[in-house]
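*Asks:* can't give you the sequence, but here's the structure:
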């Protein structure tokens, strides 16, 4: 019994050291000066994502913002993101419109409320409508491609800015406009998801 008591006392005394504060270390500590990403706090913020763009929270786990050597820079990536955001937001509205209200008024050839079935009904009845839509998309993409290339080379145009602001949001308070740009990116990312 005495041996057991001595063993228990030694065990308790040894485990008490686990909770005692450690003495000050005499070695040097290395401190990292890298700023952490707001989106992924366990990763360093990419150098080009400094928070100056709308919606920039340092999310780049694949390092795509640093691939200048293949001809794609941050301007081009941002332009593509904004374009895809805008297309995805319009697609969500279009899909919900057909699912809730049915096809567009006056469109007798599409009668179902399912978006994909309505597309194939139009395709079967009038494929020239779909071909015309694809031609228009090609024209718009050609124009936007020229604008993107010219804007990237000259630096006079922000990514996604085509000068189309009929309601004058860009002419008002800059802080309010920056908030609207951040909302556009956030809602576009949600629509793409």
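*Replies:* Here it is on my side, so go on. Quick caveat, the model's predicted, so the values are computed rather than measured.
*Asks:* contacts for stretch 150-160?
*Replies:* Contacts to stretch 150-160, defined as C-beta atoms under 8 Å, 6 or more residues apart in numbering, come from residues 53, 73, 75-76, 78-79, 82-83, 86, 147-148, 161. Quick note: C-beta positions are derived from backbone N, CA and C, even for glycine.
*Asks:* Which residue ranges of this structure form helices?
*Replies:* With helices called from DSSP state H, the chain shows them at 2-16, 74-101, 115-125, 127-154, 174-192.
*Asks:* doesn't residue 116 make contact with residue 99?
*Replies:* No. Between residue 99 and residue 116 there is no contact under C-beta atoms under 8 Å: 10.4 Å.
*Asks:* about what we covered before: please pick the buried ones from the contacts of stretch 150-160.
*Replies:* Neighbour counting with 16 or more other C-beta atoms under 10 Å marks 53, 75, 78-79, 82-83, 148 as buried within the contacts of stretch 150-160.
*Asks:* Which two of these have the greatest separation?
*Replies:* When the buried ones among the contacts of stretch 150-160 are compared pair by pair using C-beta to C-beta, the farthest-apart members prove to be 53 and 148, with a separation of 15.6 Å.
*Asks:* Look up how far residue 52 lies from the nearest residue to residue 53 once chain neighbours are set aside.
*Replies:* Taking C-beta to C-beta, 6 or more residues apart in numbering as the measure, residue 53 lies nearest to residue 78, with 6.3 Å between them; neighbours along the chain are not counted. Noted for residue 78: a distance of 11 Å to residue 52, by C-beta to C-beta, to the nearest Å.
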